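[1] Please find the sequence and the predicted model below.
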Amino acid sequence: MASQLGSESLQALVLAALDIAKNATIHDTRQLALSPDGKTLAGDAPEDQLAVKGALDSLALKEMVVIKINTLEPHVLTAEGLSLSQTGSQEYQVWSALDKTTPTTIKDIEAKVGKDTAKIGQGKAMKNKWVGKQGDGFVRLVEDVKDETKEQLLEVQNTGVHATAAVLNDLKKRKLVEKKKLFYYSVTKGPEFSATLQKQEADLTVELLQSGAWEKASFKKYNFNAEGVAPDSGALHPLMKVREEFRNIFFEMGFSEMPTNRFVESGFWNFDSLFVPQQHPAREVQDTFYIKDPIESTGYPKDYYERVRKVHETGGFGSVGYKYPFSAPETSRLVLRTHTTAVSSAMLYEIANQPGGFKPAKLFSIDRVFRNEAVDATHLAEFHQVEGVIADYGLTLGDLIGFMEIFFAKMGITGLRFKPAYNPYTEPSLEIFSYHEGLKKWVEIGNSGMFRPEMLEPMGLPKDVRVHGWGLSLERPTMIRYGISNIRDLLGHKVPLAMIEKSAAVRF
């Protein structure tokens, strides 16, 4: 068989056959002679024709032959069908096992032809009125029978089909016949045909040049359709891909990006300017990373500091404040920022005091923040926060809800729900929920609100200016998009580099 020969041997046989073939054509590679006497043929088994294909492909690359694939879908006998085509059908075997006068019990029939054959053959033989019941056994009813099933199987074996579709369907139901896809090739001479194989050089080597053998050598042609080896290259982390999509959404909606290169903030910008009381639990060491050296900073405007201190201690701008002694050392302590809202606060102060006065603004930031949290499957001590703020005259809570629906719709998230919440620096505050089809429940996807007057007016913003603020993590949508259940598989030293290299681009 062809599958037992090597590729070079098959190539030589194909070339020799083509050289002497009528019309220089091999019409059917199943009939390719593998022995000098022509008795051993390549055969129609898939593995044999695949071996032939390998040899033909090598010759076609050298333009020595032209090949054409041909496919057939004949009906062939199953193993059981092949057996019955030789021994006779089940009904014939049961009839053969019986006597005309002496009844044969079913157990005796099973002992002669087998249990399965007896079970199938007895019913069909009785249906054909070949046998009948007599006492506890069966007897022949006719002297001679015509085994039509065997004849039908032999016809299918010889022709690959049966003239009667109903007969063919019946044989299929009995699992005696099945349809099989076969393929073979037609071969003609190519422009570079030669009856003998010539080794082709793959490279122009120094030895070929020095010896002059390159002048007579045959070289392999370039295959410009072949895929090259993928070059080593860098790859964007999945977080960075999702981050870029968020940035595109913000830019599309007319936002400007805030500078977020300051990971270390003073307590003033991180907490106090946001009207977060100095006794708030978020400022405890259990939740916040404090810097050991240097320990403090006074990088904030003194007049603004005084207005913030006053609103905390005694109130103002319609508020009674928190009624506690404001601590200067506490506001100067350096921390790893716990949210990018510290950046938003500094930017709002800047646009409130810019030359020419306040102008409406839409700002966003996406960067890293730090929390002193226990690490588990969904939490890390550092993560990325996506934050946006809109500052304009006369904004309302309805504007905020409407904007959130538009913003999240651009990410493919619709049907939002809003739940009242508490934040020290926003009032009213809303948690944003979306229905998760995978989890079959509503999940929180963000937090939002309108910044309080106690935060805005000490900055110098006009009284009728309102500011929308909202935020969400970058990690959660990234994990959802890439089907990652453990955040430690997304960030950290255990992240497989192959995952980063092969992760697809994201489009909301």
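    Now that the structure is in, tell me what you want to look at. Numbering: from 1, shown residues only.
[2] drop to CA atoms for contacts and neighbour counts, all remaining ones
    OK.
[3] residues in contact with Met347?
    Met258 (Cα atoms under 8 Å, 6 or more residues apart in numbering).
[4] rerun at 10 Å
    By Cα atoms under 10 Å, 6 or more residues apart in numbering, the contact set of Met347 is 258-259, 341, 353, 363.
[5] how about it, phi and psi?
    With angles defined as degrees, to the nearest 10, Met347 sits at phi -70, psi -40.
[6] Could you tell me how far it is located from Val467?
    Noted for Met347: a distance of 12 Å to Val467, by Cα to Cα, to the nearest Å.
[7] Repeat that for Gln49.
    74 Å.
[8] more neighbours, these two?
    Remark: of Gln49 and Val467, Val467 carries more neighbours, 25 against 22, as counted by other Cα atoms under 10 Å.
[9] The more buried one contacts Leu348, doesn't it?
    Yes. Between Val467 and Leu348 a contact is recorded at 9.2 Å, counting by Cα atoms under 10 Å.
[10] joint contacts of those two?
    By Cα under 10 Å, 6+ apart, the residues touching both Val467 and Leu348 are 361, 389-391, 456.
[11] now, among the residues you listed, which is nearest to Ala60?
    Val389 (65.5 Å; Cα to Cα).
[12] If we ignore the residues flanking it in sequence, what's nearest the closest one?
    Gly469 (4.5 Å; Cα to Cα, 6 or more residues apart in numbering).
[13] Average pLDDT for the host helix or strand of that neighbour, rounded please.
    Per DSSP states H and E, Gly469 falls inside strand 465-473. The pLDDT scores in strand 465-473 average 90.
[14] Which elements pack onto that strand?
    Counting contacts by 3 or more Cα pairs under 10 Å, 6 or more residues apart in numbering; DSSP states H and E, strand 465-473 packs against helix 341-352, strand 361-370, strand 382-393, helix 397-409, strand 426-436, strand 441-451, helix 453-456.
[15] wait, which of these is closest to Leu416?
    For Leu416, the closest of these is strand 426-436, at 5.1 Å, according to Cα to Cα.
[16] which ones are touching Ser297?
    265-268, 329, 331-334.
[17] 7 Å - rerun?
    Contact partners of Ser297, counting by Cα atoms under 7 Å, 6 or more residues apart in numbering, are 266, 332-334.
[18] Which members of the residues you listed are the farthest-apart pair?
    Ser332 and Leu334 (6.4 Å).
[19] How far off centre is the helix or strand harbouring Phe251?
    For Phe251, the enclosing helix or strand under DSSP H and E is helix 238-252. The chain centroid and the centroid of helix 238-252 are separated by 21 Å, computed with Cα atoms, centre = their mean, to the nearest Å.
[20] Go ahead and produce CSV holding the CA coordinates of it.
    Taking C-alpha atoms only, helix 238-252 is exported to CSV below (Å, rounded to 0.1, in the frame of the first residue of the first chain):
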residue,chain,number,x,y,z
PRO,A,238,-5.0,43.3,28.4
LEU,A,239,-5.5,46.1,30.9
MET,A,240,-3.8,48.5,28.5
LYS,A,241,-6.0,47.4,25.7
VAL,A,242,-9.2,48.0,27.7
ARG,A,243,-7.7,51.3,29.0
GLU,A,244,-7.2,52.5,25.4
GLU,A,245,-10.8,51.7,24.6
PHE,A,246,-12.0,53.7,27.6
ARG,A,247,-9.8,56.6,26.5
ASN,A,248,-11.3,56.5,23.0
ILE,A,249,-14.8,56.7,24.4
PHE,A,250,-13.9,59.7,26.6
PHE,A,251,-12.2,61.5,23.7
GLU,A,252,-15.2,60.8,21.4
